[in-house]
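Participant: Could you look at this predicted model? Sequence included:
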Amino acid sequence: MSGTDWQEMTVYVNGEIMKGSEAKISVFDHGLLYGDGVFEGIRLYDGCIFKCQEHVDRIFQSAHALRLNLSMTPDEMTAAMVETVKASGLRDGYIRLIATRGIGDLGLDPRKCNGKSVIIIVGAISLYPTEFYENGLSLCTVGVRRNTPAALSPAIKSLNYLNNVMAKMQVTDAGCLEGIMLNHEGYVAECTGDNILLVKNGAIRTPADHCGLLPGITRNAVRDLATKRGIPYEETVLILPDVYAADECFLTGTAAEVVPVVAVDGRTIGTGEPGPITKALLGDFREITTRDGVPVY
Ligand code: PMP
């Protein structure tokens, strides 16, 4: 998302819709004080909310995992999103769904919170430049390990994204746009904001959920597209040498969609150009973006 035009974005805060420049929440909100909340990033393609149900389901699952009772039902949340998108007038863009434990006191005790903050932000999205879809990305591996699921499961899309933020700083220091995070045991987990998939001998291999990662909605969409094409898809345990030896590598994510990777840690992946399976799946994915969505208008 572009960091400059937030003032012009359309924001829903607890039932009211306003401009980004007017949107405010309490300094006593536990989302701010403790990262105590959940979120989703969702795409709007040609007036349709892509994979709307999947994102709403995931925010409710994340909230459930944090024992956070959301103040609305899934249908009400979808309706609020539709209303906010309508107010924005946008046909293409990005939707950020946020729910926090709400206003409490300065102590940790969640029982003191009113559990009532729902925020929806609708705005334009800044994408990876087209050249990366044509020529591929270069990744590095970062030293920051992905949170161990025993402490805070990466499968929960919580507002506590410091693990990813720390990793992202290393990615940026290394001059890359995205980087690989290993789990606490040294196995490949995912990237700072995207899932990682490999192609080896015509089959897709990606870290299994138990490796400690966010099971991406885009990755699931790609799994279904691969299955339709008869391409085997396996969720397994991977080490860095598996990545280096892959025929193809690509990332998936709501913002990234399907982006080819052509180098990792200075090593060329495959031919050094986006591979045929990656390109086919990117094409297939772009075809479904306007089909698998909830129409707003
Ligand atoms: N991993 C992490 C850590 C993420 O934050 C995201 C979302 N940006 C993803 C993977 C990809 O998930 P999705 O395809 O559902 O956007």
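Facilitator: Received the coordinates, thanks.

Participant: and whatever residue of the stretch 51-200 of the chain ends up closest to the ligand, how many residues sit next to it?
Facilitator: Scanning the stretch 51-200 of the chain for the residue nearest the ligand gives residue 193, at 4.2 Å (criterion: CB to the nearest ligand atom). All C-beta spots, glycine's among them, are computed from the backbone N, C-alpha and C. Using other CB atoms under 10 Å, residue 193 has 19 neighbouring residues.

Participant: My understanding was that it contacts residue 253; is that so?
Facilitator: Yes - with contact defined as CB atoms under 8 Å, residue 193 reaches residue 253; the gap is 5.9 Å.

Participant: Would you mind listing what in the stretch 1-150 of the chain touches the ligand?
Facilitator: residue 41 (CB under 6 Å from any ligand atom).

Participant: try 5 Å
Facilitator: By CB under 5 Å from any ligand atom, no residue of the stretch 1-150 of the chain approaches the ligand.

Participant: Apart from its neighbours in sequence, what residue is nearest residue 49?
Facilitator: residue 294 (4.6 Å; CB to CB, 6 or more residues apart in numbering).

Participant: for residue 203, phi and psi?
Facilitator: In terms of degrees, to the nearest 10, the main-chain angles of residue 203 are phi -120, psi 150.

Participant: again, but for the one 10 residues further on
Facilitator: Note on residue 213: backbone dihedrals following degrees, to the nearest 10 are phi -160, psi 170.

Participant: how about low-confidence regions in the stretch 1-150 of the chain?
Facilitator: 1-4 (pLDDT under 70).

Participant: As a check, name the ranges of all helices in it.
Facilitator: Applying DSSP state H, counting those that start in this stretch to the stretch 1-150 of the chain gives helices spanning 30-34, 52-65, 74-88, 130-135.

Participant: Residue 154: which of those is closest?
Facilitator: Taking CB to CB, helix 52-65 is the member of the helices of the stretch 1-150 of the chain nearest to residue 154, at 11.0 Å.

Participant: Just want the angle from the closest one to helix 74-88.
Facilitator: 120 degrees (axes from the mean of the first three to the mean of the last three CA atoms, to 10 degrees).
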